[in-house]
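Novice: Can you look at this prediction? I've put the sequence above it.
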Amino acid sequence: MNNISKTMQILAKKYPRSTTTLNSMRGNSTPFEILISCLLSLRTRDEVTDVVSRDLFKVARTPEKILKLPDKKLKKIIFKTGHFNKKAEILKSVSKELIKKFDSKIPNSYNELISIKGVGPKTANIVLAFAFGKLVLPIDIHCHRIPNRLGWIKTKTPEKTEKELEKILPKKYWRDFNSAFVQFGRETCLPVSPWCSRCPVAKFCERVGVGRSR
Ligand code: SF4
């Protein structure tokens, strides 16, 4: 077994899939709710995304209902997620586009999803993976940073990371990858001063570009 497989087995076991907010929405939320929660989750802690999403879905769980919400009320509900002015604007414009171009349904193709203003590659892959069960790799900052540190890949952008991981990561680990790396990046392989001294995969890591660590 190579180091990638060994690392994946350790991290997937330590960080089960269901423990991040977006992962836990698989199978019990609509594609629209998953998309909206993903948009709310940008630069926000999971616990906050969770609570705010629930509050919002109590009053609006369709594009039409989001559009009908007065701006002031929408901003008040999503205030805690931060960047609430921008996020309110995006929720409204995404809802408008869904109604106009997709008959209020969430498209299940990557190209259609990223054609919606405000939906980027990571969000599109989150929706494809968690709402439609497609085998794709949603790449956020943790999923981009850590495989580079481990020495698996050498990439400058999350988009390149996705392409390179598609080549080297065995498909049987794709469903576990996002959840494991997001949680690992929040707890141990932090952006600055990672906890290498208590890292469960330290012996498989090349620590590329890691300066100060703990
Ligand atoms: S050894 Fe350090 S840099 Fe490597 S994966 Fe672990 S925490 Fe991250």
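Specialist: Yep, that arrived.

Novice: Got the domain ranges for this protein?
Specialist: Here the domain assignment for the chain is 3-18+137-204, 27-132, based on automatic domain parsing.

Novice: Contacts for the host helix or strand of Glu89, please.
Specialist: Using DSSP states H and E, Glu89 sits within helix 84-102. Helix 84-102 has contacts (Cβ atoms under 8 Å, 6 or more residues apart in numbering) with 32, 35-36, 39-40, 42, 63-64, 66-67, 71, 74-75, 78, 81, 104-106, 112, 115-119. C-betas here are computed from N, CA, C, even on glycine.

Novice: about what we covered before: out of the domains of the chain, the one nearest Ser213 is which?
Specialist: Closest to Ser213 of the domains of the chain, according to Cβ to Cβ: domain 3-18+137-204, at 4.1 Å.

Novice: Leu67 sits in which helix or strand?
Specialist: Short version, using DSSP H and E: Leu67 is in helix 63-68.

Novice: Check Lys75 too.
Specialist: helix 71-78.

Novice: quick one: buried residues of that helix?
Specialist: The neighbour-count check on helix 71-78 (16 or more other Cβ atoms under 10 Å) flags Leu74, Lys75, Ile77, Ile78 as buried.

Novice: for stretch 107-122, same thing?
Specialist: Buried-residue list, stretch 107-122, by 16+ other Cβ under 10 Å: Pro107, Leu113, Ile116, Gly118, Val119, Gly120, Pro121, Lys122.

Novice: hmm, back to that, any idea of the mean pLDDT in the helix holding Glu89?
Specialist: Taken as a whole, helix 84-102 has an average pLDDT of 97.

Novice: thinking again about what came up before, pull the helix holding Leu67 out as CSV, backbone CA atoms only.
Specialist: This file holds the C-alpha atoms of helix 63-68, laid out as CSV (Å, rounded to 0.1, in the frame of the first residue of the first chain):
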residue,chain,number,x,y,z
PRO,A,63,-35.7,30.1,-4.7
GLU,A,64,-39.1,31.8,-4.9
LYS,A,65,-39.3,32.1,-1.1
ILE,A,66,-35.8,33.5,-0.8
LEU,A,67,-36.6,36.1,-3.4
LYS,A,68,-39.8,37.1,-1.6
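
Novice: Show me the shaky parts of this structure.
Specialist: 1, 18-21, 26-27 (pLDDT under 70).
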